[in-house]
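1. could you work out the structure for the sequence below:
(2 chains)
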Amino acid sequence: MTNMLVKPAQYDLAGPRDYFALLKPRVMSLVIFTALVGMVLAPGMLHPVLAAVALFSIAVGAGASGALNMWWDADIDAIMSRTSKRPIPAGRVPSAEAAAFGGFLSALSVALLALASNYFAAGLLAFTIFFYVVIYSMWLKRSTPQNIVIGGAAGALPPVVGWAAVAGAAPLEPWVLFAVIFLWTPPHFWALALYKQGDYERAGVPMLPVVEGDRATRRQIFGYSIALALSGVAPYAIGMAGLIYLFVSALLGAMFVWLAWKVLHTDETNHIPARQLFRFSIIYLFAIFATILLERMTGLHG
Amino acid sequence: MDSDIDKKAAPMEGVLLTPEELKQRKQRNLAIALGLLAFIVIVFVVTIVRIGGSVAERSF
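-> You can find the predicted model right below:
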C-alpha cells in the first residue's frame, strides 16, 4: 500500500546537467569570447585574478538571462522542433525552478562583477540581462518582426561590459565591437528563419519571413550583410586594429556578402544558401574576434 | 478513495522518491554544495586581491 503516497508530477529527474543546459552554453561561449576581447583591448590593467572573476561573472550573467529566457519562452520552445528538447519543454526542469535559478544567478553575477571590477560594468551587465529578458523575451519577441534586430543589442553588449570591467568606462571603441555583433544578429537569425519559417509560424513568433515574406527577408539579409562587412573593417578605421585585421576582416566580410548574395538570388524552394550563410555567420563572428584578439596579443596591431 | 485507507496511509504521507530520483537529487545537492563552495572561495580571493595592496602599503 506504499503507493498511496502523493507525488507531484514533476518531482523530478533533473540533474546538474539539465541546469547547465538552461544556461545556453553555446551562446555563453560566444559571450565569454567577445567579452574577453573587450577586456584585452581595453586600456588599463585589471589584476589577472579579478579579470578572471569578472569574465566568469559576465558568463554567469549571460547564462542566467538564458535560463530566464527559457523560462519565459517554454511555451514557444515546446512547439518548435529546434528547441523542443530544452529542459523545460522536455519536462526535466519545472518552470518555476528555472525562473528561480535564472533570477538568483542574475543577481549573483551582477554582485560578483561589482566586487571584482566596478559598479559601472556591473550596471551594464544588469542592463544587458534586463534587456534580453524583459525587452527582448517578454516584449519584442512576440510582438514585432524587428524583435531580433533590437534584441540583438543584448547579445552585442558583452564586449562593452568586458571593456568597462577593465577601463571603468565605455568610449567609442567597444561600441564598434558592439556594432559588429549588432549588425551580425539579423542576417544570422533570418538565415535560420528562412528554413525554419514553419516552426516560427506555428509558434506564433512574428519572425520577418513569417510577417514580410521570403523575398523581403532575403533583401534585408543582403542589406545587413553589407552593413556588417563595413562595420567589420571599422576597428581598423578607428585605429583599434592593424593591417592583418583589416585584411582578414575584409576577406571575411566579402565572403559573408557573397553568401548573402547567393541567398538573395534563390527562393524558398532552395534552402542550401541560407543554411550555408547561417553556418558561415557563426564562423565569421568567431574569426573576426579571434583575429583582433590574436593581432593584439602578438603585438602586430601596429 | 475510501477514508479507511486514508487513515492507514496517514503516517506515511509525503513523497516517495524512486531510486533514480534519489540519485538525481543527490547529484543536484552535490552541485549546489560545490557551487556554494566555489562562490565562497571566489569572494574570499577577490577580497584578498583587492585589499592586498592597500594593506601592504598602509601607513601605521
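2. so is the longest helix along chain B next to chain A?
-> Longest helix of chain B, by residue count under DSSP state H: helix B:19-57. Yes. Helix B:19-57 comes into contact with chain A (C-beta under 8 Å from any C-beta of the partner chain), by way of B:20-21, B:24, B:27-28, B:30-31, B:39, B:42-43, B:45-47, B:49-50. Quick note: C-beta positions are derived from backbone N, CA and C, even for glycine.
3. nearest to chain A among the residues you listed?
-> Proximity of these to chain A (C-beta to the nearest C-beta) peaks at residue B:31, which lies at 3.8 Å.
4. tell me who's in contact with that closest one.
-> A:16, A:19 (C-beta atoms under 8 Å, 6 or more residues apart in numbering or on different chains).
5. 6 Å - rerun?
-> Shown in contact with residue B:31 (C-beta atoms under 6 Å, 6 or more residues apart in numbering or on different chains): residue A:16.
6. ok, residue A:205 next?
-> So residue A:205 contacts nothing (C-beta under 6 Å, 6+ apart).
7. now it. Its backbone dihedrals?
-> In terms of degrees, to the nearest 10, the main-chain angles of residue A:205 are phi -90, psi 120.
8. how many residues are close by residue A:159?
-> The number of residues packed near residue A:159 is 31, by other C-beta atoms under 10 Å in any protein chain shown.
9. host element of it?
-> helix A:158-167 (DSSP states H and E).
10. alpha carbons of that helix, as CSV, please.
-> This file holds the C-alpha atoms of helix A:158-167, laid out as CSV (Å, rounded to 0.1, in the frame of the first residue of the first chain):
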residue,chain,number,x,y,z
PRO,A,158,29.3,41.7,-23.7
PRO,A,159,32.4,43.3,-25.2
VAL,A,160,31.3,46.6,-23.9
VAL,A,161,30.8,45.1,-20.4
GLY,A,162,34.2,43.5,-20.6
TRP,A,163,35.8,46.8,-21.7
ALA,A,164,34.1,48.6,-18.8
ALA,A,165,35.2,46.0,-16.3
VAL,A,166,38.8,46.8,-17.1
ALA,A,167,38.7,50.5,-18.1
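11. now for it, which elements pack on it?
-> Using 3 or more C-beta pairs under 6 Å, 6 or more residues apart in numbering or on different chains; DSSP states H and E, the elements in contact with helix A:158-167 are helix A:25-41, helix A:48-72, helix A:119-130, helix A:172-195.
12. so what angle separates the directions of it and helix A:48-72?
-> Put simply, helix A:158-167 runs at 150 degrees to helix A:48-72, going by axes from the mean of the first three to the mean of the last three C-alpha atoms, to 10 degrees.
13. what does helix A:158-167 contact?
-> A:31, A:34-35, A:37-39, A:42-44, A:46, A:54, A:58, A:117, A:120-121, A:124-125, A:170, A:174, A:177-178.
14. thinking again about what came up before, which of the residues of helix B:19-57 next to chain A are buried?
-> B:21, B:24, B:28, B:42, B:46 (16 or more other C-beta atoms under 10 Å in any protein chain shown).
15. JSON lines for the residues you listed, including pLDDT and distance to residue A:268?
-> Output for those, formatted as JSON lines (pLDDT from 0 to 100; distance: C-beta to C-beta, whole Å):
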{"residue": "B:21", "pLDDT": "85", "distance to residue A:268": "46"}
{"residue": "B:24", "pLDDT": "89", "distance to residue A:268": "44"}
{"residue": "B:28", "pLDDT": "93", "distance to residue A:268": "45"}
{"residue": "B:42", "pLDDT": "97", "distance to residue A:268": "50"}
{"residue": "B:46", "pLDDT": "95", "distance to residue A:268": "53"}
